[in-house]
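Student: build the 3D model from these lines:
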Amino acid sequence: MLYEIIQDLRARHRERAPLIGVAGAQGSGKSYHCRLLAMANQPRYAHFSLDDVYRSRTYREELATETHPLFITRGPPGTHDLELASQTIERIRRADPSVRLPRFDKLKDDIVPANDWPPFPGPAEAIIFDGWCLGADSLDAASLDALVNALERNEDVTGVWRETVAYELRANYQPFFLTFDALVYLQAPSWEIVRTWRGQQEEAARGRPLTPEENAALDRFVMHYERITRAMLDGRHRAKWIVHLDEARNVTRIEER
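Tutor: Sure, this is the predicted structure:
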């Protein structure tokens, strides 16, 4: 389906490479499928991710000190360098021969040195960008009073963290989302299956089952994503195409709205 969307957009935007966003909860397979599509169409399709433009560890440490300790954890709005993402997209569109695609080292929890980013030879026929909260609607301020999990209840007692996340999503992320020519959303069956998928990813990466301590740490980690993920699962996003998945990530139907 992504390929067909890209071809349609290319026909309508011959003057520039169309920008296609793919959103979906953790573990839904968005990055995997985008990567496969880009590899199958090398070097014509450029692909990078919201995960590639996380803020540095130092930046998040300062944000955690100045705003709220939960900002040390990457993922929620406010922990991405959207200016870097936008600049990279623009340079790809200009066929800048020196453009490199940003990368983030999740094991080191820090940005990969820019000299080690992969170059993109171009010119691009399409730019594919994926991200878990891509296209999410702004959060209703009144909804922030209803706590969704233990993380918010125990570690964000004053609400500063979730209020700041909501502000970032509204003030900085919404303008970024508007730059996309098309948005596709991979719809998981439920929040509970999202946690299962994330656990499967971790076990696959380690090559073994998670220990009880690792499962507890993962439970806490995914809570940082829960509020916005639940809102998107309820349809609060701007994607035109919704790809409904079953618990095994098989496509059950495609909805256009």
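
Student: residues in contact with the biggest helix by length in the chain?
Tutor: Longest helix in the chain by number of residues, with DSSP state H as the criterion: helix 212-233. Contacts of helix 212-233 with the rest of the structure, by C-beta atoms under 8 Å, 6 or more residues apart in numbering, involve 23, 25-26, 70, 73, 75-77, 132-133, 135-137, 139, 148-152, 162, 165, 169, 185, 187-188, 190-191, 194-195, 198-199, 202, 210, 237. In short, each C-beta sits where N, CA and C put it, glycine included.

Student: are any of the residues you listed buried, and which?
Tutor: Among the contacts of helix 212-233, those classed as buried by 16 or more other C-beta atoms under 10 Å are 23, 25-26, 70, 73, 75-77, 132-133, 135-137, 139, 148-149, 151-152, 162, 165, 169, 185, 187-188, 191, 194-195, 198-199, 202, 237.

Student: which residues of this protein fall in helices?
Tutor: 2-12, 30-40, 57-66, 82-93, 150-155, 160-168, 174-177, 191-206, 212-233.

Student: out of the ones you listed, the one nearest E247 is which?
Tutor: helix 191-206 (5.3 Å; C-beta to C-beta).

Student: show me what stretch 62-82 is in contact with.
Tutor: The contact list for stretch 62-82 (C-beta under 8 Å, 6+ apart) reads 50, 53-55, 60-61, 102, 109, 132-133, 151, 155-156, 160-161, 164-166, 168-169, 172-173, 176, 221, 224-225, 228.

Student: that stretch: end-to-end distance?
Tutor: By C-alpha to C-alpha, to the nearest Å, the extent of stretch 62-82 from end to end equals 18 Å.

Student: what are the buried residues along it?
Tutor: Applying a neighbour-count criterion of 16+ other C-beta under 10 Å, one finds 63, 68, 70-71, 73-82 buried in stretch 62-82.

Student: of all the helices of the chain, which one is nearest D246?
Tutor: Among these, helix 191-206 comes nearest to D246, with 8.9 Å by C-beta to C-beta.

Student: the closest one to helix 212-233, inter-axis angle?
Tutor: Orientation of helix 191-206 against helix 212-233 (axes from the mean of the first three to the mean of the last three C-alpha atoms, to 10 degrees) gives an angle of 130 degrees.

Student: show me what helix 191-206 is packed against.
Tutor: If contacts are counted by 3 or more C-beta pairs under 8 Å, 6 or more residues apart in numbering; DSSP states H and E, helix 191-206 sits against helix 212-233.

Student: quick check: buried residues in the helix it packs on?
Tutor: For helix 212-233, the neighbour count (16+ other C-beta under 10 Å) marks 218, 221-233 as buried.

Student: tell me the mean pLDDT for stretch 19-36?
Tutor: Stretch 19-36 shows a mean pLDDT of 94.

Student: quick one: the residue lying closest to S138 once chain neighbours are set aside from I228, how far?
Tutor: Computed as C-beta to C-beta, 6 or more residues apart in numbering, the closest residue to S138 that is not its neighbour in sequence is R170, at 4.1 Å. According to C-beta to C-beta, to the nearest Å, R170 stands 12 Å off from I228.

Student: can you list residues touching both of the two?
Tutor: By C-beta under 8 Å, 6+ apart, the residues touching both R170 and I228 are L139.

Student: count the neighbours of the residue nearest to S138 for me.
Tutor: R170 has 15 neighbouring residues, counting by other C-beta atoms under 10 Å.

Student: just the one 3 residues further on next, same as before
Tutor: Around Y173 sit 23 other residues, with neighbours defined as other C-beta under 10 Å.

Student: thought it was touching A136?
Tutor: Yes: Y173 is in contact with A136 according to C-beta atoms under 8 Å; the separation is 7.3 Å.

Student: how about the spatially closest residue to R57 that is not a sequence neighbour, what does it touch?
Tutor: Excluding the flanking residues, the one nearest R57 by C-beta to C-beta, 6+ apart is D110, at 4.4 Å. With contacts defined as C-beta under 8 Å, 6+ apart, D110 is in contact with 56-57, 104.
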